[in-house]
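**Student:** only geometry, no sequence info:
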């Protein structure tokens, strides 16, 4: 195990004594925090994991599709604000489509409260997407 891996493991376990080393390491390796600390990436990956489960083929094809959409929407020279907006649009798009896919997959197979909750979540996802 490398010192970098050991530092990350201790930090992920909540060892506060490692903070000075962690901060120095992140300063020396900005690619770590730029990727792992990017909440848009974390949100997208959470949705992909929820949708695809263990299906790696589905997860990878969705990931590539979303990346192609990002490139198409943002273009080659997007400003930081444009990139943020495109990330938000994609997150809302995935959420809305998820609820569209889940809702018809088990119509009437739930109790009334759960079905109502799912419909509310679907409506909320659509409202968020339409505001973008």
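**Tutor:** Yes, it's here. Since this is a predicted model, take the numbers as computed values, not measurements.
**Student:** from here on, just use CA atoms for contacts and neighbour counts.
**Tutor:** Will do.
**Student:** secondary structure element holding residue 85?
**Tutor:** Per DSSP states H and E: residue 85 is located in helix 80-102.
**Student:** likewise residue 68?
**Tutor:** helix 56-74.
**Student:** who are the packing partners of that helix?
**Tutor:** helix 39-52, helix 80-102 (3 or more CA pairs under 8 Å, 6 or more residues apart in numbering; DSSP states H and E).
**Student:** in that helix, what counts as buried?
**Tutor:** 59, 62, 66, 70, 73-74 (16 or more other CA atoms under 10 Å).
**Student:** if we can go back for a sec, out of the helices and strands packed on helix 56-74, which is the most enclosed?
**Tutor:** Mean neighbours per residue, mean count of other CA atoms under 10 Å, is largest over the helices and strands packed on helix 56-74 for helix 80-102, with a mean of 17.
**Student:** roughly how far is that one from the heart of the chain?
**Tutor:** Relative to its chain's centre, helix 80-102 lies at 9 Å (CA atoms, centre = their mean, to the nearest Å).
**Student:** for the record, mean pLDDT for that helix?
**Tutor:** Helix 80-102 shows a mean pLDDT of 85.
**Student:** direction-wise, compare it with helix 56-74 and give the angle.
**Tutor:** 140 degrees (axes from the mean of the first three to the mean of the last three CA atoms, to 10 degrees).
**Student:** please consider this matter closed, and thank you.
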